[in-house]
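Chemist: Could you work out the structure for the sequence below:
(one chain, ligands or ions: 2)
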Amino acid sequence: MQPSGAEVHQRIARISAHLYPSNPKMGDGSILERTNCRAKGGAPGFKVAILGAAGGIGQPLAMLMKMNPLVSVLHLYDVVNAPGVTADISHMDTGAVVRGFLGQSQLEGALTGMDLVIIPAGIPRKPGMTRDDLFKINAGIVRTLCEGIAKCCPNAIVNLISNPVNSTVPIAAEVFKKAGTYDPKKLLGVTSLDVVRANTFVAEVLGLDPREVEVPVVGGHAGVTILPLLSQVKPPCSFTQEETEYLTKRIQDGGTEVVEAKKGAGSATLSMAYAAVKFADACLKGLRGDASVVACAFVASQVTELPFFASKVRLGRTGAEEVYQLGPLNEYERIGLEKAKKELAESIQKGISFIRN
Ligand SMILES: NC(=O)C1=CN([C@@H]2O[C@H](COP(=O)(O)OP(=O)(O)OC[C@H]3O[C@@H](n4cnc5c(N)ncnc54)[C@H](O)[C@@H]3O)[C@@H](O)[C@H]2O)C=CC1
Ligand SMILES: O=C([O-])CC(=O)C(=O)O
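Modeler: Ligands and ions are numbered 1, 2, ... in the order given. Model prediction:
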């Protein structure tokens, strides 16, 4: 039997409200104006939210995640311009269903049911600033968003991009502990841009294709805490002392190189979106159960005496299931490690104290 006109209208209204929860006007079912009104949003794949989706990183990140075949639902949340970015990205003819969420009152809708939450929300550096100078503003932003995660999707994997990562990850951990939802395997600070840069700069020196190069970068994500292990580069190779010093410094200062080139217009956004998607894709492959998915991330760790440290981790169905030891370091790297740990200890403590005190 054919459905009646009223039934058809009701059906459209239901589907439409499901697709556009942040735009009630789209849910009135009065006209069949959205070509995707029959979308089910139930295709196999993972549900991913981006918090800070309208920003310099958020927008290209949203675009690249919409292109990822492992994603079935993509939620875009921001305190500004989320509907515009959502409308734009939703026209891409890829599988993921996109929904937009604007402002604190819609955070719950953005987060409920998510498998992976990626957070690039917060202010970026201007020339002359350190990442730690962002703490004052970004610490509070990260706290609020993580309180939302604890409430609405406590089992989601969290990829934290907002700087200073060395402090925002401990902040997130403390928020989750307070809420009783902390799972150290599921909280990952994103340091993949350091690896992406290291692969690029090392490939330049060696005259190789960057896609063939793998550089482990450990420690943290700021200045001397970024420690590339050039003695462990794949394919195996060696560097002169001059090359080692040049590469280490360039990798550590990669973020500042972009901040200065942008002259006050922000920090790395496009390479960061690329690096974030590479890392998110690894997390989703781990969630899917793929074997041997390995990437560097800033995680809860027993690799050193510090409670958090970036190193290679194996990603699986429950997050960072294994945290790898650093392997043999040369003298230059051992000295670098001591410097990194000193600064890291302070940044981690600053994050912990922000929530505890
Ligand atoms: N982990 C890493 O390797 C990297 C981290 N970053 C960091 O990522 C962050 C974002 O950088 P950009 O995208 O360039 O900045 P941006 O200013 O272009 O975008 C940030 C976005 O966050 C949004 N936002 C602010 N408060 C929010 C809240 N409470 N809830 C949701 N969204 C909120 C803003 O509206 C804006 O759309 C910065 O802290 C930056 O330092 C940047 C590059 C690399
Ligand atoms: O340098 C910054 O402020 C942004 C960042 O973390 C990076 O590009 O590595």
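
Chemist: contacts, neighbours, all on C-alpha from now
Modeler: Fine.

Chemist: and V158, that's in a strand?
Modeler: Yes. Applying DSSP: H, G, I helix; E, B strand; the rest coil, one finds V158 inside a strand.

Chemist: Which residue is it, in the stretch 101-250 of the chain, that comes closest to ligand 2?
Modeler: R125 (4.7 Å; Cα to the nearest ligand atom).

Chemist: Spell out which helix or strand contains that residue, please.
Modeler: Using DSSP states H and E, R125 sits within no helix or strand.

Chemist: That one reaches E260, doesn't it?
Modeler: No. With contacts counted by Cα atoms under 8 Å, R125 stays clear of E260, the gap being 9.7 Å.

Chemist: can you give me the helices for the stretch 251-357 of the chain?
Modeler: With DSSP state H, counting those that start in this stretch as the criterion, the stretch 251-357 of the chain has helices at 254-262, 270-288, 331-356.

Chemist: could the ones you listed be laid out in a markdown table, adding mean pLDDT and mean neighbour count?
Modeler: Output for the helices of the stretch 251-357 of the chain, formatted as a markdown table (pLDDT from 0 to 100; neighbours: other Cα atoms under 10 Å):
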| stretch | mean pLDDT | mean neighbour count |
| --- | --- | --- |
| helix 254-262 | 98 | 18 |
| helix 270-288 | 98 | 21 |
| helix 331-356 | 98 | 17 |
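
Chemist: of all those, which lies closest to ligand 1?
Modeler: Checking these against ligand 1 by Cα to the nearest ligand atom gives helix 270-288 as the closest, at 5.3 Å.

Chemist: got the contact list for that closest one?
Modeler: Helix 270-288 is touched from outside by 46, 56-58, 60-61, 64-65, 68, 70, 116, 118, 157, 159, 161, 190, 192-193, 196, 293-295, 315-319, with contacts defined as Cα atoms under 8 Å, 6 or more residues apart in numbering.

Chemist: how about whatever residue of the chain ends up closest to ligand 2, what does it touch?
Modeler: Ranked by Cα to the nearest ligand atom, the top residue of the chain for proximity to ligand 2 is G255, at 3.3 Å. Contacts of G255 were listed using Cα under 8 Å, 6+ apart, and they are S267, A268.

Chemist: got it, and T248?
Modeler: Contacts of T248 (Cα under 8 Å, 6+ apart): L227, P228.

Chemist: Which of the helices or strands spans it?
Modeler: With DSSP H and E as criterion, T248 is part of helix 241-252.

Chemist: in the stretch 1-150 of the chain, which spans are strands?
Modeler: For the stretch 1-150 of the chain, the strands defined by DSSP state E, counting those that start in this stretch occupy 46-51, 71-78, 97-102, 116-119.

Chemist: Same list as before, these that is, but in a markdown table and with distance to ligand 2 and mean pLDDT included.
Modeler: Formatted as a markdown table, the strands of the stretch 1-150 of the chain follow (distance: least, Cα to the nearest ligand atom, whole Å; pLDDT from 0 to 100):
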| stretch | distance to ligand 2 | mean pLDDT |
| --- | --- | --- |
| strand 46-51 | 17 | 98 |
| strand 71-78 | 19 | 98 |
| strand 97-102 | 25 | 98 |
| strand 116-119 | 13 | 99 |
